[in-house]
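**Q** coordinates only, sequence not included:
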């Protein structure tokens with residue numbers, strides 16, 4: 001049973017965690033911890049949601065524990081910096097990082113639920129139905145929140161709106 005649970009849901013749990021962490025190694029580590037915690041508390045699963053939703057709830061708790069543990073301040077020391085590989089095209093990498101940083105900073109201005117829907121959809125690849133289940137809402141709610149979030153993001157980033165202005 002435990003092996004089946006892992007085989008059926010590990011990829012989705014990993015994608016969910018990756019959408020939260022944006023770090024493949026950390027997402028993998030938290031995925032393993034999620035399944036460990038799920039196995040320890042398998043007797044508490046009541047079946048009032050899908051196993052995937054239950055596992056994603058555990059995964060989210062693991063992510064919050066990790067954030068608390070790190071207190072979001074992990075400074076790189078000189079030894080860590082010395083081990084980093086040089087990029088092939090430093091200018092392009094810097095530009096991509098700047099663009100991602102601008103996007104993530106802008107996303108921080110969105111309401112938390114909207115931000116989470118965008119992360120789940122864009123980086124996690126979850127369907128609107130799965131997003132609704134994970135966040136305890138309907139599929140329609142997830143679709144509307146995603147659409148409105150994209151519109152807000154475009155506006156906040158200074159992009160053109162779909163609405164035409166009358167003069």
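**A** That came in fine, so what should we check first? Small disclaimer: the values here were computed from a predicted structure and weren't measured.

**Q** point out where the chain drops to low pLDDT.
**A** 1-2, 70-90, 92, 159-167 (pLDDT under 70).

**Q** which residue ranges of this structure form helices?
**A** In order along the chain, the chain carries the following helices (DSSP state H): 2-21, 24-40, 51-70, 78-83, 90-107, 112-122, 128-134, 139-156.

**Q** my guess is residue 49 meets residue 133, correct?
**A** Yes: Residue 49 is in contact with residue 133 according to CB atoms under 8 Å; the separation is 6.8 Å. C-beta coordinates here come from the backbone N, C-alpha and C atoms, glycine included.

**Q** re earlier: turn the helices of the chain into a markdown table, columns for mean neighbour count.
**A** A markdown table is the format used below for those (neighbours: other CB atoms under 10 Å):
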| stretch | mean neighbour count |
| --- | --- |
| helix 2-21 | 18 |
| helix 24-40 | 17 |
| helix 51-70 | 17 |
| helix 78-83 | 7 |
| helix 90-107 | 12 |
| helix 112-122 | 19 |
| helix 128-134 | 21 |
| helix 139-156 | 16 |
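
**Q** separation between residue 57 and residue 152?
**A** When CB to CB, to the nearest Å is the yardstick, residue 57 and residue 152 sit 26 Å from each other.

**Q** sorry, slip of the keys, the one I care about is residue 127.
**A** When CB to CB is applied, the distance between residue 127 and residue 152 equals 22 Å.

**Q** what does residue 59 give?
**A** According to CB to CB, residue 59 and residue 152 sit 26 Å apart.

**Q** what does residue 136 give?
**A** For residue 136, the distance to residue 152 equals 22 Å [CB to CB].

**Q** same check, this time on residue 101
**A** Here residue 101 is placed at a distance of 18 Å from residue 152 (CB to CB).

**Q** starting at the chain centroid, how far to stretch 119-134?
**A** For stretch 119-134, the separation from the chain centroid amounts to 9 Å (computed by CA atoms, centre = their mean, to the nearest Å).

**Q** ignore the last one, stretch 100-111
**A** Stretch 100-111 sits 13 Å away from the centroid of its parent chain (CA atoms, centre = their mean).

**Q** other residues contacting it?
**A** When contacts are defined by CB atoms under 8 Å, 6 or more residues apart in numbering, stretch 100-111 is touched by residues 115, 118, 119, 149, 152, 153, 156, 157.

**Q** return the member of the residues you listed nearest to residue 27.
**A** If you rank the contacts of stretch 100-111 by distance to residue 27 using CB to CB, residue 119 comes first, at 12.2 Å.
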